[in-house]
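*Asks:* Turn this into a structure:
(chains A and B, ligands or ions: 2)
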Amino acid sequence: MTELKVILAGLGGQGVVFFTRLLSQTAMELGHSVMVSETHGMSQRGGSVISHLKIGGSEAPLVRRGTADILLAMEPDEAVRNLPFLRPGGTIFVNSENGLRPEVAEHLERLEIQVHSLPASQMAMELGVAAIANVILTGFAVAYPALPLPIETLRETVKAIAPRGRELNLQALEIGFQAGRSTNDE
Amino acid sequence: MTDTNTRQEMVLGNEAIALGLVEQGCRVATAYPGTPSSEILAGVVKYKKQLARQVYTEWSVNEKVAFEVALAASWAGLRAAVALKQVGLNVASDPLFSAAYIGVKGGFVIIPADDPGPHSSQTEQDSRLMALTAKVPVFDPATPAEARAMIENAFILSERYEVPVILRPTTRLCHAVQSLPMEVTPAPDGEIPSVKFNKNPTRWAATPKFRYKLHVELNKKLADIEAEFNQSPLNYVVEPIQNPKPVLSGAQRAQVEGSKIQNQVGVIASGVAFNTAKQSLLELDAQIPILKIGTPYPLPQKLVGEFIARFETVVVLEEPDTCIELQLPERSRIRGRLDGTVPTAGELSPEVVSTLLAEVLTGAGYKVNPSLDDVELQTLVNSLPLPIRKPRLCPGCSHRSAFYSLKKEFGLSAIYPGDIGCYTLGSNLRAVDTVVDMGAAVTMANGFYQANRLVGDSRPIVSTIGDSTFLHSGIVPLINAVHTGARFVLIILDNHTTAMTGHQPTPANNYLADGSEATRVASIPNMVRACGVNFVKQTDPYNQETFQEILRDAYNHSQAEDGGVAVIIADRPCVLYDPSSVRDDPLPVVITEECDGCRYCVEAFECPALVLRPDKTRVDIDYKICVNCGQCIDACHKGFIIPEAIANEIPQTVASEATL
Ligand code: SF4
Ligand code: SF4
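*Replies:* Residues are numbered from 1 along each chain as shown, chains lettered A, B, ... in the order given. Ligands and ions are numbered 1, 2, ... in the order given. Prediction:
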């Protein structure tokens, strides 16, 4: 894999930090050098939270606007806010019931940016744990070739670092992955 | 990388620093929490346990205390470190300046985390400038890996020259997470060195006359250190090769000079800006040499001078202010903050760096790649009505209840001095009017009282301060206020922890930094009484009615003839720190169908779980984040927020559903 740059966005309390750890730990287990930038402090009290993740590349902590390969967003407006990070041809995975606001459609087309959305929060509520939407979205994203992290390694990471409810986390990962597989195959 | 003796681990920058400290035999580590530095001491606790090392770890009551506790350990001959945020170094600046003159014995590393941006600080001050003024050498790491490695250099230098040294990380390093090699079987803990404090009053308690001598000695040490830094592998040139790996140490410099590479533009960079510059030059496809400075003070003048001599123009990139640039004796070729090339405030983001480098390079006749920004898209995104996500107090936070009662009792015209912590967010609720620094809630109230008395302003003055902040810097101001006869109400928001920075213990907790038991616990009410306060009441802000009555009594006391400062201790644990208090006694609520979306509760109470529908027709409760505290019942003055139990009794009132 050449350098892969990922932006992860959401609101404080949506588990963006855990979500980032899942992906970065998995990439590290695969033998890549990994650099991440996290948000701490005040913003974790409900503000916009963003992580930058670089797999196999620069040691600069931040991704430059216009260069990210992937944007993973826990919330559609945070996805839109961070759209300018994506490079032309980049990919968005978003936790949303109906994609992104229509105003950006024209630009997404012009820049050939793919949007894959999944109602992860709703699916998490069905599992009875709202906080697990981030794991569902992770499973969803790795079902696509744009985010080439094998699901098997990700499962191992979940087992290793999920704070509690390992089974539930694995189940969430699986649900997301299956959802990704089915939309991916269409 | 897949060396058999090592495995990789993802390590937070602050933890990488901690790992370096524990690996290098640091025996005493102290800190006061503050973003972005808070995880350093927590990391020391983690690694001392993991690697079975003997390290004394302490969350001190404030930074000055932390500094001096560690300093004494160093004077006894042990390796010691103190971690704090940049404004914390202000609090510890008194011992910093003195310690530079007197010097140290065991290696002593001061770790102030700077916050370019700023992301979570009052200022963007540069601790390297503080170091320059105090005459303390500085190490400026660029990555977590380098920070970990530099701890060794820092201890060695500190011991060789008997000076305190600063290792200065910035937010982006503190909160970077990098894959680092970890030993599978760590080296066993060495013996605790057999050292002891050697009495020598001429040095350790030097008089002004001897201080002069110490100053002369310090200047000599700094000159020697500068000479050493000229040769240090921490300062090196990265020549522009497609794969910018090989680096040239001071010793290999001559060779490069011999090859007479002629360039128009060079870059000098330190800290996180170094890798940002490297990345930007790659993206611009510009082949530009970079001099990486790992030791910005004292600046290795010879090395830097030779580098500058190679170019017409040299761009200096450092954060958050000018330290390298200020030390340059001659700046005619220098483009930096002083000539306005580099913005004089804010973070050196990749966008800022690439834009300014592109400008300088284009001006010097280089051809660089066009900007990667899509202006059209950015303009559109900026124009969209995206919700502004202000940080807010958590659902169920007892501070909100306290602030709400305050406002109800004293109205919006009262003067509300505030302080530093989660409760600074009381400004959203319009119950925090001033924020200066730690402890200023008390001093500002004191000053406002005296000023208002002179100008005949009779508005009530009601201050709020957290438990940790009160212990840090509130006690001495309270003594002052009592003594000078000030009249105001002080509310100590006691949530039993240092919440904002991740729940570190205070002296009022019964445990220490590493979880061991504290033998004595400081009682806040007793301390307040001992300061001379006659009105001291402790109460749970969740009982809003009682709380408001006590507020009234407190205010009356502050105005009574024989009254003075009145103190209320709003006593309830942070809901994140100890959710049991709410979980054991829940009061679930619903919003009735009559809700008309007037949004009063959303603005006046500001619980994140109270959500106005996008079509503004009504407010719903987001049960995904609601903690069932029931504190919002009073926030609807029309009575549409009611306990669930009551709603169930009234069949015609259909409870609203969670709709998010
Ligand atoms: S962390 Fe605790 S003190 Fe801070 S806002 Fe949340 S509930 Fe309140
Ligand atoms: S009960 Fe009310 S105040 Fe408490 S968390 Fe829920 S919505 Fe917020």
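*Asks:* which residues does the residue nearest to the spatial centre of chain A contact?
*Replies:* Ranked by distance to the mean C-alpha position of chain A (C-alpha atoms, centre = their mean), the top residue is A:Leu72 at 3.3 Å. Applying C-beta atoms under 8 Å, 6 or more residues apart in numbering or on different chains to A:Leu72 gives the contacts A:6-9, A:19, A:92-94, A:137-138, A:141. Glycine gets a C-beta too; all of them are placed from N, C-alpha and C.
*Asks:* Could you point out which of those residues is nearest to B:Asn446?
*Replies:* Distances from B:Asn446 to the contacts of A:Leu72, taken as C-beta to C-beta, are shortest for A:Ala9 (43.7 Å).
*Asks:* Tell me if I'm right that the closest one and A:Thr20 touch.
*Replies:* No - the criterion here is C-beta atoms under 8 Å, and A:Ala9 misses it with A:Thr20 at 10.3 Å.
*Asks:* Got phi/psi on B:Asp433?
*Replies:* Note on B:Asp433: backbone dihedrals following degrees, to the nearest 10 are phi -100, psi -30.
*Asks:* Assign residue 160 to helix, strand or coil.
*Replies:* As the question left the chain open, I've gone with chain A. Following DSSP: H, G, I helix; E, B strand; the rest coil, the label given to A:Ala160 is helix.
*Asks:* that's the wrong chain, I meant chain B
*Replies:* When the rule is three-state DSSP, B:Arg160 gets the label helix.
*Asks:* right, is the helix ranked longest in chain A up against chain B?
*Replies:* In chain A, assigned by DSSP state H, the helix with the most residues is helix A:166-185. No - taking C-beta under 8 Å from any C-beta of the partner chain as the criterion, helix A:166-185 and chain B are apart, separated by no less than 15.0 Å.
*Asks:* Kindly report the same for stretch A:62-71.
*Replies:* Yes - between stretch A:62-71 and chain B, judged by C-beta under 8 Å from any C-beta, the touching residues are A:62-67.
*Asks:* can you list contacts of that stretch?
*Replies:* Taking C-beta under 8 Å, 6+ apart as the criterion, the residues outside stretch A:62-71 that touch it are A:4-9, A:37, A:52-54, A:79, A:82-87, A:90-94, A:141, A:146-147, B:172, B:276, B:279-280, B:283, B:349-351, B:354, B:371-374, B:378.
*Asks:* what touches both of A:Ala9 and A:Thr20?
*Replies:* The overlap between the contact sets of A:Ala9 and A:Thr20 (C-beta under 8 Å, 6+ apart) consists of A:Ser51.
*Asks:* ok, now how distant is the nearest residue to B:Pro329 once chain neighbours are set aside from B:Val360?
*Replies:* Taking C-beta to C-beta, 6 or more residues apart in numbering or on different chains as the measure, B:Pro329 lies nearest to B:Gln301, with 7.4 Å between them; neighbours along the chain are not counted. To B:Val360, B:Gln301 is 23 Å away according to C-beta to C-beta, to the nearest Å.
*Asks:* Select from the contacts of A:Leu72 the one having the most neighbours.
*Replies:* A:Leu137 (34 neighbours; other C-beta atoms under 10 Å in any protein chain shown).
*Asks:* pLDDT below threshold where in chain A?
*Replies:* Low-confidence segments of chain A (pLDDT under 70): A:1, A:41-45, A:163, A:185-186.
*Asks:* for the stretch 101-250 of chain B, same thing?
*Replies:* Low-confidence segments of the stretch 101-250 of chain B, defined by pLDDT under 70, span residues B:241-250.
*Asks:* Point me to the residue of it nearest ligand 1.
*Replies:* Residue of the stretch 101-250 of chain B nearest ligand 1, by C-beta to the nearest ligand atom: B:Ser120 (13.2 Å).
*Asks:* ok, longest strand in chain A?
*Replies:* Ranked by number of residues, the top strand in chain A under DSSP state E is strand A:86-95.
*Asks:* Could you list the buried residues of that strand?
*Replies:* The neighbour-count check on strand A:86-95 (16 or more other C-beta atoms under 10 Å in any protein chain shown) flags A:86-87, A:90-95 as buried.
*Asks:* which two in those are spaced the farthest apart?
*Replies:* Using C-beta to C-beta, the two most remote members of the buried residues of strand A:86-95 are A:Arg87 and A:Asn95, lying 21.8 Å apart.
*Asks:* Enumerate the residues of chain B near ligand 1.
*Replies:* B:393-394, B:397, B:399, B:422, B:495, B:499-500, B:574-576 (C-beta under 6 Å from any ligand atom).
*Asks:* re the thing from before, for the residue nearest to the centre of chain A, give its distance to chain B.
*Replies:* Distance of A:Leu72 to chain B, computed by C-beta to the nearest C-beta, to the nearest Å: 16 Å.
*Asks:* Is it correct that that residue falls within a strand?
*Replies:* Yes - read with three-state DSSP, A:Leu72 is one of the residues of a strand.
*Asks:* Quick check: bridge partners of it?
*Replies:* Taking DSSP bridges as the rule, A:Leu72 bridges to A:Leu8, A:Phe93.
*Asks:* Now do the residue of the stretch 201-350 of chain B found nearest ligand 2, the pLDDT please.
*Replies:* With distances taken as C-beta to the nearest ligand atom, the stretch 201-350 of chain B approaches ligand 2 most closely at B:Glu347, which sits 34.0 Å away. Reading off the confidence values, B:Glu347 has pLDDT 95.
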